[in-house]
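Colleague: okay, sequence plus prediction incoming.
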Amino acid sequence: MKTAIIFGVNGQDGFYLSMLLQKMEYTVIGISRNGSNTDLTNFESVGELVKNNTPDYIFHLAANSTTRHDALFENHTTISTGTFNILEAVKIYSPKTKVFISGSGLQFVNTEKPIKESDIFEARDPYSVSRIQSVYAARYYRKLGLQVYVGYFFNHDSPRRTERHMAKKISEAVKRIAKGSDEKLEIGDISVIKEWTFAGDVVEGIWTLVLQDKIFEANISSGLGYSIEQWLYVCFGCIGKKWQDHIVLKNDFSPEYKMLVSDPTIINSLGWSPKVPFDEMAKMMINL
């Protein structure tokens, strides 16, 4: 029986990865903060799970994807401590298990050029600190003989996003406006450029990475940058309206970055690239 454990199964990535693995007839054990008997932040709990199942794969996707300082301890326990708990449990109880650890483009120095996996890390916020620590943990356990992969994620979206993410915030407003709402959506700097990859494509990139045994770290990303303004244009265009009639800009807003895009050369060399284009994902999120 083929088995995979997904920590963070209720997030968008966990959802699409679970669907992908089930299609390939894997038994998926999904772990989430709610509705699970396993506590990612407790080594004994994680160890018991790994010992009892000896899975083929473990995917650590659990995180509160925010850079806010007030999420400091949550990020540390879920991302950093969670990574150590998984890797140590695998080392002791199931050393043949392949482990995937999620990373982020936000943990690199951002010079507004395409980010490579070899670029320097920058501890710019608590979230980045936790991600950086997890990568070093992965590299350490790799030296101990474990097969530990790191996939660096850049912005990716789907209908399963929450409205605190820009793509979903805009697409949900567009859906309401299409039904007659006269609301005005307030947004900051719409010139910010980032990637808008479909999460369902990203999890296929994860699977591509863990299937091979030579490359252990890769950006799982499109490398294609679009501005928030372009997303507005496409989404409002789907309902035949102009975004300028429904958006209020925050003139005093200062974004975390002006551009965040990747260099996907490594993952492309393994045969993966995203399938869903920018405009098609907009239609998907507006349910057209």
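Modeller: It's in.

Colleague: among the helices and strands of the protein, which has the poorest mean pLDDT?
Modeller: Between all helices and strands in the chain, the lowest mean by mean pLDDT, DSSP states H and E belongs to helix 72-75, at a mean of 80.

Colleague: from the contact counts, what lies against it?
Modeller: Counting contacts by 3 or more CB pairs under 8 Å, 6 or more residues apart in numbering; DSSP states H and E, helix 72-75 is packed against helix 126-143. Where you see a C-beta, it was placed from the backbone N, CA and C, and this is true even at glycine.

Colleague: pull out the buried positions in the helix it packs on.
Modeller: Of the residues in helix 126-143, those buried by neighbour count under the rule 16 or more other CB atoms under 10 Å are 126-135, 137-138, 141-142.

Colleague: circling back: what's the least confident helix or strand of the chain in contact with?
Modeller: When contacts are defined by CB atoms under 8 Å, 6 or more residues apart in numbering, helix 72-75 is touched by residues 63-64, 66, 126-127, 129-130.

Colleague: any chance of CSV for those residues, columns distance to Lys98 and pLDDT?
Modeller: Compiled in CSV, the contacts of helix 72-75 are given as follows (distance: CB to CB, whole Å; pLDDT from 0 to 100):
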residue, distance to Lys98, pLDDT
Ala63, 20, 86
Asn64, 25, 77
Thr66, 28, 75
Pro126, 28, 92
Tyr127, 25, 92
Val129, 26, 95
Ser130, 22, 95
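
Colleague: nearest to Phe43, of the residues you listed?
Modeller: Lowest distance from Phe43 to those (CB to CB) belongs to Ser130, with 17.2 Å.

Colleague: my guess is that closest one meets His76, correct?
Modeller: Yes: using CB atoms under 8 Å as the test, Ser130 is close enough to His76 to be in contact (5.5 Å).

Colleague: which parts of the stretch 151-288 of the chain are helices?
Modeller: 166-178, 199-210, 228-238, 265-269, 278-285 (DSSP state H, counting those that start in this stretch).

Colleague: what's the angle from the last one to helix 228-238?
Modeller: In terms of direction (axes from the mean of the first three to the mean of the last three CA atoms, to 10 degrees), helix 278-285 departs from helix 228-238 by 60 degrees.

Colleague: which strands and helices sit next to helix 278-285?
Modeller: Under the contact rule (3+ CB pairs under 8 Å, 6+ apart), helix 278-285 is packed against helix 166-178, helix 228-238.

Colleague: could you give the angle of it to helix 166-178?
Modeller: Counting by the same axes, to 10 degrees, helix 278-285 points 60 degrees away from the direction of helix 166-178.

Colleague: closest to Phe198 among the contacts of helix 72-75?
Modeller: Checking those against Phe198 with CB to CB, the nearest one is Ala63 at 19.3 Å.

Colleague: contacting residues around the closest residue to Arg131 other than its chain neighbours?
Modeller: Counting by CB to CB, 6 or more residues apart in numbering, Arg131 lies nearest to Gln107, which is 4.3 Å off, once chain neighbours are set aside. When contacts are counted by CB under 8 Å, 6+ apart, Gln107 touches 121-124, 127-128, 131-132, 135, 152.

Colleague: what do you get for Ser65?
Modeller: Taking CB under 8 Å, 6+ apart as the criterion, Ser65 is in contact with 104, 127.

Colleague: quickly list the domain ranges of the chain.
Modeller: Following automatic domain parsing, the chain resolves into domains at 3-153, 157-194+224-260+275-285.

Colleague: reformat the helices and strands packed on helix 278-285 as JSON lines; add distance to Leu260.
Modeller: Rendered in JSON lines, the data for these read as follows (distance: least, CB to CB, whole Å):
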{"stretch": "helix 166-178", "distance to Leu260": "12"}
{"stretch": "helix 228-238", "distance to Leu260": "12"}
